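S.K.: Sequence plus predicted model, see below.
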Amino acid sequence: MTRPNQRLEHARQFQIHTLTEIYEEFSPQLYYYALKRIGNPAFAEDCVADTFQRFLQSLQKKTSIDNIRAYLYRIAHNWITDHYRKKSQDTDELPENIAPKNQKSLEGSTIEKIEHENLRLAIQELPPIQQQVIVLRYLQDWSQKEVAATIGRSVGSVKQLQRRAESKLKKILGPDRGER
């Protein structure tokens with residue numbers, strides 16, 4: 001594998017091997033991210049396809065890109081934000097199964113299903129930037145530094161967004177809002 005700067009230069013030269021390598025490395029992660037945010041497999045696939053199309057256009061325009069992964073997630077986030085705007089009346093923005101990828105399915109008990117649905121609905125009540133932080137931190141297992149690079153904010157800002165989101169989720173999921 002080439003170094004990040006070389007890899008980006010090879011991508012800018014539209015070397016098929018490098019572009020294929022980037023796609024194979026990041027497309028499953030982007031699909032999972034989009035699926036967790038949108039909840040619809042077809043839209044998640046559209047998001048990934050459009051993300052890579054926009055990435056190729058950015059390479060062609062010689063847009064400044066420091067971190068390929070962060071740049072791809074920023075494009076995907078923007079696509080998802082546009083999707084939210086277009087479908088603001090829909091309630092399926094987050095999927096029913098938002099379990100972290102290393103956690104087993106929550107198919108077990110009815111109580112777990114209800115709690116899971118409450119969490120999904122609570123996340124939807126957060127502002128989009130807080131949703132993104134929560135999804136990247138807890139569902140994608142990213143560090144605060146990685147999230148900061150992706151959303152274009154400082155680590156301190158990510159910590160603050162995360163704390164606010166966690167606080168709001170606790171209020172939403174509190175005892176008086178436990179049953180929706």
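M.R.: That came in fine, so what should we check first?

S.K.: contacts and neighbour counts: CA atoms only from here.
M.R.: Noted.

S.K.: those helices in the chain, which residues are they?
M.R.: With helices called from DSSP state H, the chain shows them at 4-12, 16-38, 41-60, 68-86, 110-124, 128-134, 144-151, 155-172.

S.K.: among those helices, which gets the worst mean confidence?
M.R.: Lowest mean pLDDT within these: helix 110-124, at a mean of 73.

S.K.: Residue 34 contacts residue 44, doesn't it?
M.R.: Yes: in this structure, residue 34 is within contact of residue 44 by Cα atoms under 8 Å, at 5.0 Å.

S.K.: Give the residue from these two that has the larger number of neighbours.
M.R.: A direct count of neighbours by other Cα atoms under 10 Å for residue 34 and residue 44 places residue 34 higher, at 28 against 22.

S.K.: need the contact list for the residue positioned nearest the centre of the chain.
M.R.: Centre of the chain computed as the mean C-alpha position; nearest residue by Cα atoms, centre = their mean is residue 33, 3.9 Å away. Residue 33 is in contact with 135-136, 140, counting by Cα atoms under 8 Å, 6 or more residues apart in numbering.

S.K.: Now for residue 163: which residues touch it?
M.R.: No contacts exist for residue 163 under Cα under 8 Å, 6+ apart.
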